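J.: missing the sequence, but the structure's below:
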């Protein structure tokens, strides 16, 4: 078993025991080919929980500073994370993301660029840009309850139906902005769509 597989199993079991983690709509995630999973972000638990409950191996962008921390840096690299400079150029991270997608892998992205505790952080256009460049479907996802996990709240991960960036030409800024808005609208809709629990995260 790979380190990623071991970590995923441990996180999944922990999430089930501590937070009764459940998943809804896992069948919406394509099991092969490039895919971008775009999710809301309100807690430090979101990346590991999303990865544990997603049926695909997920690669993540993570802020560059995390890779400079002893032990943590090598660990997140082993968990398929790669650095992005949130204060400078994101060109390197975009290139790496394109490589991962063209290899037929899955990428997890939090469009707000970090935790959005207030709910008013404007989403960035990285998801739309990658979807337009690689023609990869975007699976909107929402994690519910993670912000209250320390108080024992149940965590639910919801995956929506894939959406595609449709354009027969080079994407304009307006195209990217509209697609980003559509993705965020789908994520917000998922956040309010769960009326009954799905199966345990497995």
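T.: Received it, and whenever you're ready, just let me know what you need. A quick note: this is a predicted structure, and the numbers were derived from the prediction, not measured. Residues are numbered from 1 along each chain as shown.
J.: now the closest residue to residue 132 other than its chain neighbours, what's its secondary structure?
T.: Nearest residue to residue 132 in three dimensions, chain neighbours excluded: residue 171, at 4.1 Å (CB to CB, 6 or more residues apart in numbering). To be clear about C-beta, it is placed using only N, CA and C from the backbone, and glycine gets the same treatment. Under DSSP: H, G, I helix; E, B strand; the rest coil, residue 171 falls in the coil class.
J.: which residues sit in contact with residue 171?
T.: Residues counted as contacts of residue 171 (CB atoms under 8 Å, 6 or more residues apart in numbering) are 128, 129, 132, 165.
J.: Quick check: residue 62 is in a strand.
T.: Yes. Membership of residue 62 in a strand is supported by three-state DSSP.
J.: Quickly list what it is bridged to.
T.: residue 83 (DSSP bridges).
J.: Surely it touches residue 85?
T.: No. Counting by CB atoms under 8 Å, residue 85 is not a contact partner of residue 62; they are 11.0 Å apart.
J.: more crowded one of these two?
T.: residue 62 (20 against 13; other CB atoms under 10 Å).
J.: how much space between the more buried one and residue 76?
T.: 6 Å (CB to CB, to the nearest Å).
J.: what's the answer for residue 124, then?
T.: Computed as CB to CB, the residue 124 to residue 76 distance reads 21 Å.
J.: How about the secondary structure of the most centrally placed residue in the chain?
T.: By CA atoms, centre = their mean, the chain has its centre lying nearest to residue 108, at 3.1 Å. Three-state assignment for residue 108 (three-state DSSP): strand.
J.: need the contact list for it.
T.: Residue 108 neighbours (CB under 8 Å, 6+ apart): 36, 37, 39, 47, 50, 51, 54, 58, 59, 60.
J.: which SSE is residue 165 in?
T.: Under the criterion DSSP states H and E, no helix or strand holds residue 165.
J.: circling back to that earlier point, pairing partners for the residue nearest to the centre of the chain in the sheet, please.
T.: As assigned using DSSP bridges, the partners bridged with residue 108 are residue 37, residue 60.
J.: For the chain, which segments count as strands?
T.: Under the criterion DSSP state E, the chain carries strands at the ranges 22-24, 35-39, 58-63, 81-84, 106-109, 138-144, 156-159.
J.: Residue 182 is nearest to which of the ones you listed?
T.: strand 138-144 (9.0 Å; CB to CB).
J.: what distance separates that closest one from the centre of its chain?
T.: Remark: strand 138-144 is offset 7 Å from the chain centroid, using CA atoms, centre = their mean, to the nearest Å.
J.: Same question for stretch 161-177: list its buried residues.
T.: Residues 162, 163, 165, 171, 175, 176 are the ones in stretch 161-177 that count as buried (16 or more other CB atoms under 10 Å).
J.: From residue 111, how far off is the nearest residue to residue 72 once chain neighbours are set aside?
T.: Distance criterion CB to CB, 6+ apart; nearest residue to residue 72, sequence neighbours excluded, is residue 66 at 6.2 Å. For residue 66, the distance to residue 111 equals 19 Å [CB to CB].
J.: neighbour-wise, which of those two wins?
T.: Neighbour totals were compared for residue 66 and residue 111, and residue 111 leads with 24 against 14 (other CB under 10 Å).
J.: Fine by me, thanks again.
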